[in-house]
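K.L.:
I would like to see how this sequence folds:
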Amino acid sequence: MIPTVSVTRYITPLREGGSLPGLVEADDLGTYVCKFRGAGQGVRVLIAEVIVGELARRLGLHTPRLVALSLDPEIARYEADEEVQDLLNASPGLNLGVDFLPGSFGYDGEVPAGDHDAATVVWLDAFCANVDRSWRNPNLLLWHGNLWVIDHGASLYFHHAWSGGMTDPARFAAQPWDPTDHVLLRQVRALGETDARLSALVTPDLLTEVVAQVPDTWLDAAATPGVADADQHRASYVSFLTARLGTRQWLPKVAA
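P.N.:
Take a look at the predicted model:
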């Protein structure tokens, strides 16, 4: 499981998007962007963040370190903002912490010189069905001369439908992915070599290791009919992703 640290101070809200993440300090002396389990999108977004973020790391992409942030709602007593108070009170226990990258800035349209990550990012987003890396919302940072991928919560859409009975990995495996609005598409000439390289890395064993990073409490909270416990939840994620790896309907055709 990702490391667990405790929130010691809520610093400020980051008013970007609808989930109202906040900047916090923790007892390991780190500063993190906290994504709250009590936000409207729920714990499944946090699960996607961990699975796809850790998979990105295994594929060699730069992505911030993740931790589970243990939050005591007593911290809410010291906040004047009622919206923040409500969010803190709704998020006791483990939340997601994303290592804060001080001095980073948003993607400006160019991959850093010598950086060959664009094709890997496009492949990962296609594989995980990420619908949120467009020019409207790139979810990319530039830091210390490197491209960093962040905010993977819009990936793995299939788990939002589990409670409605979507239990067939083959359906997700065959689902195409539309690259039209992807922010890095024009940086990629072809995906064949990247696909061969990354497919060899993403084995069922690696997927099992990645899914194991998700805290049990989030999996138990994401109640799904027919899934008895966190271990079954993990097995379901591995099954869906392994099935997708066995197809290529999702791999976009990029003009050379």
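
K.L.:
domains for the chain, by residue range?
P.N.:
As assigned by automatic domain parsing, the chain contains the domains 4-99, 105-245.

K.L.:
Just put the ones you listed in CSV and tack on distance to Leu251, mean neighbour count and mean pLDDT.
P.N.:
No exception for glycine: its C-beta is placed from N, CA and C like everyone else's. Output for those, formatted as CSV (distance: least, Cβ to Cβ, whole Å; neighbours: other Cβ atoms under 10 Å; pLDDT from 0 to 100):
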stretch, distance to Leu251, mean neighbour count, mean pLDDT
domain 4-99, 15, 18, 94
domain 105-245, 6, 17, 90
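
K.L.:
residues contacting Ala212?
P.N.:
Residues near Ala212 by Cβ atoms under 8 Å, 6 or more residues apart in numbering: Met1, Arg234.

K.L.:
how about the domains of the chain in a markdown table, adding distance to Val254?
P.N.:
Below are those laid out as a markdown table (distance: least, Cβ to Cβ, whole Å):
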| stretch | distance to Val254 |
| --- | --- |
| domain 4-99 | 18 |
| domain 105-245 | 5 |
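
K.L.:
Nearest to Lys253 among the ones you listed would be which one?
P.N.:
Comparison of these against Lys253 by Cβ to Cβ identifies domain 105-245 as nearest, at 8.1 Å.

K.L.:
What's the end-to-end length of the closest one?
P.N.:
End-to-end span of domain 105-245 (Cα to Cα, to the nearest Å): 33 Å.

K.L.:
going forward, begin numbering at 531 instead of 1
P.N.:
Renumbered: residue one is now 531, and that last one reads domain 635-775.

K.L.:
how much space is there between the residue nearest the centre of the chain and Ala700?
P.N.:
With distances taken as Cα atoms, centre = their mean, Glu579 lies nearest the centre of the chain, 2.2 Å away. Distance of Glu579 to Ala700, given as Cβ to Cβ, to the nearest Å: 25 Å.

K.L.:
where exactly do the helices run in the stretch 531-680 of the chain?
P.N.:
For the stretch 531-680 of the chain, helices defined by DSSP state H, counting those that start in this stretch occupy the ranges 573-588, 612-619, 648-657.

K.L.:
closest to Val741 out of those?
P.N.:
Using Cβ to Cβ, these put helix 573-588 closest to Val741, at 5.9 Å.

K.L.:
Now Thr724. Nearest residue, chain neighbours left out?
P.N.:
In space, Thr724 comes closest to Ala649 once its chain neighbours are excluded; the distance is 4.2 Å by Cβ to Cβ, 6 or more residues apart in numbering.
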